[in-house]
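In: Sequence first, then the predicted structure, then my questions.
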Amino acid sequence: MEHQKPNPSEQGSEVGYKKPPKETQFGQPNGNPRHNGSWKKEDTPRFKLEQMMKLSKKDLRIVYEDEEAPLFERKLAEAIYKGDWKVIKEMTEQVYGKPKEAIDVTTRGQSINPMGGLTVEELKKLAGK
């Protein structure tokens, strides 16, 4: 007797290696679950900030006057609408982080000495060179 592979359409859904149950396959309603509670892109403050910056002045006013809208979105829309740049800057830094700052460690062309103001010559003398 010859051994034949069963036809998947006749047998139903075959489950095994690289063969998930039919209801969890790609394209099915439960086929693309979010694993480990990861964020939806649309729920992140960064996404909301970027979308809010694209709105017209009329749309911003509608959002910030809507009592049912989330508080973050209302405050963000109000700050952008009114041009409150301090609040916008603070919200942007909360979302993106503070930008890197360069610090000048020289004073009038001379570098600051961590040894309490000793000159290079004095340091060399102390080191025995």
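Out: Noted; the coordinates are in hand. Residues are numbered from 1 along each chain as shown.
In: drop to CA atoms for contacts and neighbour counts, all remaining ones
Out: Noted.
In: buried set for stretch 47-66?
Out: Neighbour-count burial for stretch 47-66, counted by 16 or more other Cα atoms under 10 Å, picks out K48, L49, M52, L60, R61, V63, Y64.
In: per-residue confidence at the closest residue to V95 other than its chain neighbours?
Out: Once flanking residues are discounted, V95 sits nearest to R46: 5.6 Å by Cα to Cα, 6 or more residues apart in numbering. Note for R46: predicted pLDDT of 80.
In: was I right about R46 contacting G97?
Out: No - look at R46 against G97 with Cα atoms under 8 Å: they stay out of range, at 10.8 Å.
In: Would you mind telling me which of these two has the busier surroundings?
Out: R46 (16 against 10; other Cα atoms under 10 Å).
In: Assign the more buried one to helix, strand or coil.
Out: helix (DSSP: H, G, I helix; E, B strand; the rest coil).
In: With distance to P21 and secondary structure added, can I get the buried residues of stretch 47-66 in JSON lines?
Out: Output for the buried residues of stretch 47-66, formatted as JSON lines (distance: Cα to Cα, whole Å; DSSP: H, G, I helix; E, B strand; the rest coil):
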{"residue": "K48", "distance to P21": "36", "secondary structure": "helix"}
{"residue": "L49", "distance to P21": "39", "secondary structure": "helix"}
{"residue": "M52", "distance to P21": "41", "secondary structure": "helix"}
{"residue": "L60", "distance to P21": "46", "secondary structure": "helix"}
{"residue": "R61", "distance to P21": "49", "secondary structure": "helix"}
{"residue": "V63", "distance to P21": "44", "secondary structure": "helix"}
{"residue": "Y64", "distance to P21": "46", "secondary structure": "helix"}
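In: all strands for the chain, in order.
Out: 106-107, 110-111 (DSSP state E).
In: worst average pLDDT in those?
Out: strand 110-111 (a mean of 58).
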